[in-house]
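Q: could you work out the structure for the sequence below:
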Amino acid sequence: MRHPNLIQWETQLKAIFDQIDDYVEDKYGKLFPLHPSRAPRGSTSNKEHDGLFNIGASFSAGFGSEHGAGYIVEIRMATLSHVPLEVRKQIEKDVIEILNRELELKFPDKILDVTKDGDVYKIHGDLSLGHI
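A: Coordinates of the predicted model:
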């Protein structure tokens, strides 16, 4: 059984990532061909399973991390084509900017940061379930 506040937190976080997915699909989705085994954008019931991008996060206990526990931000592109480093960096920048803004809007009572943690970005800070 999962805590109801955890379910609410993850539902709100998923909504943020779906919004970000729409943004990057609109801005970059036509620049690279879709992987042959990937469903076209909008053809499944979950944005994680279609289109060029899969934007999301997974929880990490943070062992060995500078920032401790948090959610590792995942930006995946489903293409066989080479994506230039400068394009990848711009996509990453867009994702992190939107994520920071939306976390502040959706969770105004929480102090959350999105920072580089080694080679990845991590959402960390007040991850308590007492007030979502």
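Q: only C-alpha atoms from now on, for both contacts and neighbour counts.
A: OK.
Q: enumerate every residue touching residue 79.
A: 32, 33, 34, 35, 36, 52 (CA atoms under 8 Å, 6 or more residues apart in numbering).
Q: nearest spatial neighbour of the last one, chain-adjacent residues omitted?
A: By that I understand residue 52. Spatially, and ignoring its direct neighbours in sequence, residue 52 is nearest to residue 78 (5.0 Å; CA to CA, 6 or more residues apart in numbering).
Q: pLDDT at the one you found, what is it?
A: You'll see residue 78 listed with a pLDDT of 97.
Q: pull the number of nearby residues for it.
A: Neighbour count for residue 78, taken as other CA atoms under 10 Å: 19.
Q: what's the spacing between it and residue 106?
A: For residue 78, the distance to residue 106 equals 28 Å [CA to CA, to the nearest Å].
Q: same check on residue 86?
A: 30 Å.
Q: of the two, who's got more company?
A: Neighbour comparison, residue 86 and residue 106: the larger count goes to residue 106, with 15 against 9 (by other CA under 10 Å).
Q: name the nearest residue to the more buried one, sequence neighbours excluded.
A: Closest to residue 106 by CA to CA, 6+ apart is residue 12, at 7.6 Å.
Q: helices or strands next to whatever helix or strand the one you found lives in in the packing?
A: Using DSSP states H and E, residue 12 falls within helix 4-28. Counting contacts by 3 or more CA pairs under 8 Å, 6 or more residues apart in numbering; DSSP states H and E, helix 4-28 is packed against strand 53-60, helix 85-106.
Q: and the following helix or strand past the first one, how far out from the chain's middle?
A: Which is strand 53-60. Under the assignment DSSP H and E, the closest C-terminal helix or strand after strand 53-60 is strand 70-77. Distance of strand 70-77 from the chain centroid (CA atoms, centre = their mean, to the nearest Å) equals 5 Å.
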